[in-house]
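K.L.:
predicted model and sequence below, questions to follow.
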Amino acid sequence: MAFIVARQLLIMFIYLVIGFTLFRTHLISKEGSKALANLLLYCILPCVVVKSFITDYSGEKAQALFASLIFGAIILLVSIIISRLVFKNPIDAFSSSFSNAGFMGFPLITAALGEGAVFYAAGFVAILNALQWTYGQAHMSGDKSLASPKAIVKNPLVISFVLGLLVFYLRVPVPGIVTSVLSSISGMNAPVAMIILGIYLAQTDLKGIFTNPHLYVISAMRLLVIPFVTILLALFLKGSYATVAMAVIIANAAPIGSNVAVYAQKLGLDYPYAVQQVCLSTILSLATLPLMIQIASLFW
């Protein structure tokens, strides 16, 4: 597991260097990074959500997906509540609540449980993305209208989430060319998100990443406390859903998601500070992710 985490860190680092270099050499500007962020939020992420539900239907998969959606929603709600109670700064609460489930979680789920198990975390990731867009933006900005029923209905991630569910449960045939397009665009998720993060990193205090004690507190909450609570809540799942439980546990044990920095920039907030959080928690996850997976395996 440590090797897989290290490999993902190396990939992330390469993407970061690309974004960092592009900004420092003036090949991309702050305005350019905003355009990339819009591409990520309005196109790439919705494709990721829809693509995750395109799979062969079976009764067993349908039940497991439903279980993962319910469990994932509960876990995310608990994560949000804990984070709100501990952190008053909205960026801190956002970072603590939401993990980098796709980029860091999916490779670990594949290695630990098999490629098919990624499907069981798809619902969790879809709900996570939808909550980031609605609740996350509303809490960070203080603008509650961003989480109003009208805003939720118009949310591209909510729309793609509902569309994905309909495609799976109604067994809607998806043409091969559509699947190929969705797969190609979805594959841009990690590179674009991390390149954007590298651009942000070029604008922040690198030394501050390791010298700010508060950042370690946020990382501890994201990497240790919330994953351990997730493991405890997973004990209420029946034995037949062990794979679902493990998939969600791994996804929610991942470090702070890079989207916190993207949303912070979008809302005109302190996104360099958010980048520091993402970078430190990602580095520390090299030790915490294998530990959390090992603890979870004692119960499952």
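P.N.:
Sure, I can see it.
K.L.:
next SSE downstream of the helix or strand hosting Ile127?
P.N.:
According to DSSP states H and E, Ile127 maps onto helix 118-131. The C-terminal neighbour of helix 118-131 among helices and strands, as given by DSSP H and E, is helix 137-141.
K.L.:
I'd like the next helix or strand past that following helix.
P.N.:
Beyond helix 137-141 toward the C-terminal end (DSSP H and E), the next one is helix 149-154.
K.L.:
against which helices or strands is that following helix packed?
P.N.:
On a contact count with 3 or more Cβ pairs under 8 Å, 6 or more residues apart in numbering; DSSP states H and E, helix 149-154 meets no helix or strand. Backbone N, C-alpha and C define where each C-beta goes, glycine included.
K.L.:
can you pull out the helices in the stretch 151-300 of the chain?
P.N.:
Secondary structure of the stretch 151-300 of the chain by DSSP state H, counting those that start in this stretch: the helices cover 156-169, 176-186, 189-201, 208-211, 213-220, 226-234, 242-252, 259-266, 271-299.
K.L.:
packing partners for the fourth one?
P.N.:
Using 3+ Cβ pairs under 8 Å, 6+ apart as the contact test, the elements touching helix 208-211 are helix 271-299.
K.L.:
now do the helix it packs on against helix 259-266, angle only.
P.N.:
Angular relation of helix 271-299 and helix 259-266 on a 0 to 180 degree scale: 160 degrees, by axes from the mean of the first three to the mean of the last three Cα atoms, to 10 degrees.
K.L.:
and helix 271-299, what's buried?
P.N.:
271-285, 288-293, 296 (16 or more other Cβ atoms under 10 Å).
K.L.:
again with stretch 26-43
P.N.:
The neighbour-count check on stretch 26-43 (16+ other Cβ under 10 Å) flags Ile28, Ser33, Leu36, Ala37, Leu40, Leu41 as buried.
K.L.:
which of those residues fall in helices?
P.N.:
Secondary structure of the buried residues of stretch 26-43 is defined by DSSP state H; positions in helices are Ser33, Leu36, Ala37.
K.L.:
now the second one: how far from Ile199?
P.N.:
When you say that, I think you mean Leu36. Taking Cβ to Cβ, to the nearest Å as the criterion, Leu36 is separated from Ile199 by 8 Å.
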